[in-house]
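# Got a predicted structure plus its sequence, pasted below:
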Amino acid sequence: MPKRLSLFPYIGNPKMHSITPLIIKYSERDKIFTKPIDRKLFVFNLEIVISFRENIDKTLKIFYRITCFVMEMLDSNTQPSSLTELNEEIQTKTAWVELLKAEISKVIIGNKNIVDHLLVGLLGNGHILLEGLPGLAKTLLIKTVAQIFKLDFKRIQFTPDLLPSDIIGTLIYNPVSGDFTTKKGPIFTNILLADEINRAPSKVQSALLEGMQERQVTLGETTYKLDNPFFVLATQNPVEQEGTYSLPEAQVDRFMLKLTVNYPSWNEERKILEAKSTLQTPQEPQAILSAQEIFESRQWIDKIYMDDKIKDYIVHLIYATRTPEQYHLDIKNLLRFGASPRATIALTIAAKTWAFLKHRGYVIPQDVKAMALSVLRHRIGLSYEAEAEEITSDQIIEKILETVPVP
């Protein structure tokens, strides 16, 4: 009598999300062994039957390999089985977004788009650079967002006499013991506000490079991991102002987003007058999100669906900054260099995070367009001709967005 070894996953209708346990059955003459596996299997009907008359050990090895393959598919048991279900999950997981914005609006009037982009950077594990004239509440905005998250927050006021050790820390010699002790700097925190970062020389600005990219700091011969999560939220004044230093290109590229803060509208300024022209202590926002909730949100952001056509669209946008002539763009003489591969990664993550904040489980081309300016404006180099004609990076990016075909 031939021996029979069968692997039967009985799958219900995937549209009805009806899932039944996987049954492994082995029968040899009168011996029957049945083992249910308490996991979900999101595949269509599958039936594998192995019949054999010879060496059972050899066949069991084949069966083991098949089982391992099925178990790999079972590892996705926590993922939604359809885009509709993913959308429902995302809507549930983003219920806090509107509450968070309401808390920020208690302190910040206007700048709603800036607030949305700040959340993209924080949830997308990226650093953010804000540029604007003095008095536009850049520091207050970052401080308010930091208070919303239940995270440690520190601030550094950058000045021309600041030293790298004032940021990352230093080694202090103890004459009694003859040893060096480590004095960690303010960079060892969750949210670091680098206020007016371009008022310090390049040597001081570059002290942040290792921490921003590798999330670690080296003091002497010892490397220390930074807290997780770790964000650098920096403000800077326009470089045209006196007493400012241009940021090194290597550091600018490490900022996921660069946001431009403009003057408020007339109505917003009127509301600012009513709310802020008082000597009373301003209302403090309540902390809403913890570090663990940030990590959970990032896991859902990774699950957001992005079609291959949108991925191609992102790469086309990046390549248009490098070889614009291939896209029939007459801007080659206006660019010194195009966006780096880091821009491709940042734009992809930013688009997914933007979709997450809009309570969607998938990315649409408008998500990419919404984040393109903030991701690319500081990653393309303008030529002297562009500067002479007062052409900005935003104008070039907008021209690219108008030219590159949208999927």
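The structure has been received and is ready for your questions.
# Can you give me the buried ones in the helix or strand where residue 375 lies?
Assessed by DSSP states H and E, residue 375 sits inside helix 365-376. Judged by neighbour count (16 or more other C-beta atoms under 10 Å), helix 365-376 contains these buried residues: 365, 367-376. Where you see a C-beta, it was placed from the backbone N, CA and C, and this is true even at glycine.
# Dump that helix to PDB, restricted to CA.
Extracted C-alpha coordinates of helix 365-376, given in PDB (Å, rounded to 0.1, in the frame of the first residue of the first chain):
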ATOM      1  CA  PRO A 365       0.700  61.000  -7.400                       C
ATOM      2  CA  GLN A 366      -0.600  64.100  -5.600                       C
ATOM      3  CA  ASP A 367       1.200  62.800  -2.400                       C
ATOM      4  CA  VAL A 368       4.500  62.800  -4.300                       C
ATOM      5  CA  LYS A 369       3.800  66.300  -5.600                       C
ATOM      6  CA  ALA A 370       2.800  67.600  -2.200                       C
ATOM      7  CA  MET A 371       6.200  66.500  -0.800                       C
ATOM      8  CA  ALA A 372       8.500  67.200  -3.800                       C
ATOM      9  CA  LEU A 373       9.300  70.900  -3.000                       C
ATOM     10  CA  SER A 374      10.200  70.200   0.700                       C
ATOM     11  CA  VAL A 375      12.300  67.200  -0.300                       C
ATOM     12  CA  LEU A 376      14.100  68.600  -3.300                       C
END
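# Figure out how far it is from the centre of its chain.
14 Å (C-alpha atoms, centre = their mean, to the nearest Å).
# What separation do you get for the residue positioned nearest the centre of the chain and residue 192?
By C-alpha atoms, centre = their mean, the chain has its centre lying nearest to residue 124, at 1.4 Å. The gap separating residue 124 from residue 192 is 17 Å, by C-beta to C-beta, to the nearest Å.
# likewise residue 160?
Counting by C-beta to C-beta, the gap from residue 160 to residue 192 is 20 Å.
# between these two, which one's more packed in?
Neighbours were counted for residue 160 and for residue 192 using other C-beta atoms under 10 Å; residue 192 has more, 28 against 11.
# Could you give the bridge partners of the more buried one?
residue 154, residue 232 (DSSP bridges).
# can you check residue 382 too?
Residue 382 has the following beta-bridge partners by DSSP bridges: residue 335.
# contacting residues for it?
Applying C-beta atoms under 8 Å, 6 or more residues apart in numbering, we find residue 382 in contact with 334-336, 391-393, 396.
# now do residue 189
Shown in contact with residue 189 (C-beta under 8 Å, 6+ apart): 152-154, 227, 230.
# So which of those wins on neighbours?
The member of the contacts of residue 189 surrounded by the most neighbours (other C-beta under 10 Å) is residue 230, with 21 neighbours in all.
# burial of the closest residue to that one other than its chain neighbours, as a residue count?
Among residues not flanking residue 230 along the chain, residue 215 sits closest, at 5.5 Å (C-beta to C-beta, 6 or more residues apart in numbering). Using other C-beta under 10 Å, residue 215 is surrounded by 14 other residues.
# what residues are up against residue 215?
Taking C-beta under 8 Å, 6+ apart, one finds 225-226, 228, 230 in contact with residue 215.
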